[in-house]
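J.: This is a predicted model, with the sequence first.
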Amino acid sequence: METGSLQLHRLVQAILRARSAAEPDLAVTAVRPLRAAVPPDLWNNPGTWPEWRRLLLHALIATDADRALDSVGDDVAWLLHEAATYLLARGEPTASRPLFERALRRNYRD
């Protein structure tokens, strides 16, 4: 494991996916460390993209729309926006749009 990186074992990923919206504790617990692990200034620094590539799936699982994440809503919106920005910077506007929209909805909800 590299310094400054965050890895979730595939079993932890499966548990996070399987938890219902009524049981958000693991996802809530994952959101803040993920936010802290995200490299800064990804738009102007393509050197951060490999780290984003490793974190993207984790960020998407932890911010799943079916989870009750109101207690970390600002962090969720930020992660979604950053994930969308990463995809857009890599030339994937179609994949980035739903994430931008979810981030925007989350910001207006809070």
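T.: In hand now; what should we look at? Numbers count the residues shown, from 1 in each chain.

J.: quick one: what helix or strand has the residue most central in space within the chain in it?
T.: For the chain, the residue nearest the mean C-alpha position is A59 (2.4 Å; C-alpha atoms, centre = their mean). Assigned by DSSP states H and E, A59 belongs to helix 49-62.

J.: Do I have it right that R102 meets L80?
T.: Yes: if you go by C-beta atoms under 8 Å, R102 and L80 touch, sitting 5.1 Å apart. Heads up, the C-betas are built off the backbone N, CA and C, glycines and all.

J.: Looking at the two, which is more packed in?
T.: The neighbour comparison of R102 against L80 (other C-beta atoms under 10 Å) goes to L80, with 24 against 19.

J.: which residues touch the more buried one?
T.: Going by C-beta atoms under 8 Å, 6 or more residues apart in numbering, L80 touches 59, 63, 99-100, 102-103, 106.

J.: can you give me the helices in this protein?
T.: 10-18, 25-37, 49-62, 73-89, 93-109 (DSSP state H).

J.: which stretch among these comes nearest W43?
T.: helix 73-89 (5.4 Å; C-beta to C-beta).
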